[in-house]
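A.B. asks: please find the sequence and the predicted model below.
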Amino acid sequence: MKENYFQNKLRKDLVSKGYEVIVFCDSFTSGIPDMYACKDGQEHWVELKVCNKREGQTIHLDEAKASERGFSRKQALQLFKLKEQSMNAYGVIYVSDAQKMVRIEPEDMKDTLTYTELLERPRVKF
């Protein structure tokens with residue numbers, strides 16, 4: 001699955017649940033998380049990624065080590081800054097083979113995980 005497809009699907013799902021959603025994804029918004037969603041005073045700043053790896057493969061969350069597109073240091077830093085301001089800011093990885101969305105905290109975006117370890121991360125709850 002491509003990140004753009006996942007982003008559009010998630011946006012539609014959130015809007016159908018009553019969230020206000022703003023998507024930031026162009027060359028002028030570099031460093032801003034991909035999506036902002038809010039509902040009933042609850043805010044989410046989210047950087048989205050798709051993982052097409054399978055059981056037995058290693059997942060590098062850091063873009064510098066990843067064969068797939070991982071989180072850049074700039075993205076991790078921006079989410080961390082938002083989190084320091086008491087914002088709900090994190091990464092979401094859609095694991096396509098397992099059809100699960102997992103939450104990645106900014107401080108964990110440099111980690112290398114096994115496929116199983118990735119699936120053990122907390123699921124995303126909107």
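C.D. replies: On my side now, so go ahead. Residues are numbered from 1 along each chain as shown.
A.B. asks: what's the single longest strand in the protein?
C.D. replies: strand 42-51 (DSSP state E).
A.B. asks: what sits up against that one?
C.D. replies: 1-3, 6-7, 10, 33-38, 59, 68-71, 75, 79, 82, 87-96, 118, 126 (CB atoms under 8 Å, 6 or more residues apart in numbering). (Glycine included, C-beta is placed from N, CA and C.)
A.B. asks: give me the buried subset of those residues.
C.D. replies: Neighbour-count burial (16 or more other CB atoms under 10 Å) is assigned, among the contacts of strand 42-51, to 6-7, 10, 33-37, 59, 70-71, 75, 79, 82, 89-96, 118.
A.B. asks: tell me the contacts of the residue nearest to the spatial centre of the chain?
C.D. replies: Centroid check for the chain by CA atoms, centre = their mean gives Val92 as the closest residue, at 2.3 Å. Applying CB under 8 Å, 6+ apart to Val92 gives the contacts Leu10, Val46, Glu47, Leu48, Lys49, Met101, Val102, Arg103, Ile104, Val124.
A.B. asks: export those as TSV, with columns for pLDDT and distance to Leu113.
C.D. replies: Converted to TSV, these look like this (pLDDT from 0 to 100; distance: CB to CB, whole Å):
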residue	pLDDT	distance to Leu113
Leu10	96	22
Val46	97	19
Glu47	95	17
Leu48	94	17
Lys49	93	13
Met101	96	15
Val102	97	10
Arg103	97	13
Ile104	96	9
Val124	93	16
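A.B. asks: so in terms of bridging, what pairs with the closest residue in space to Glu105 that isn't next to it in sequence?
C.D. replies: Spatial nearest neighbour of Glu105, excluding adjacent residues (CB to CB, 6 or more residues apart in numbering): Tyr90 at 5.7 Å. For Tyr90, the beta-bridge partners are Val46 (DSSP bridges).
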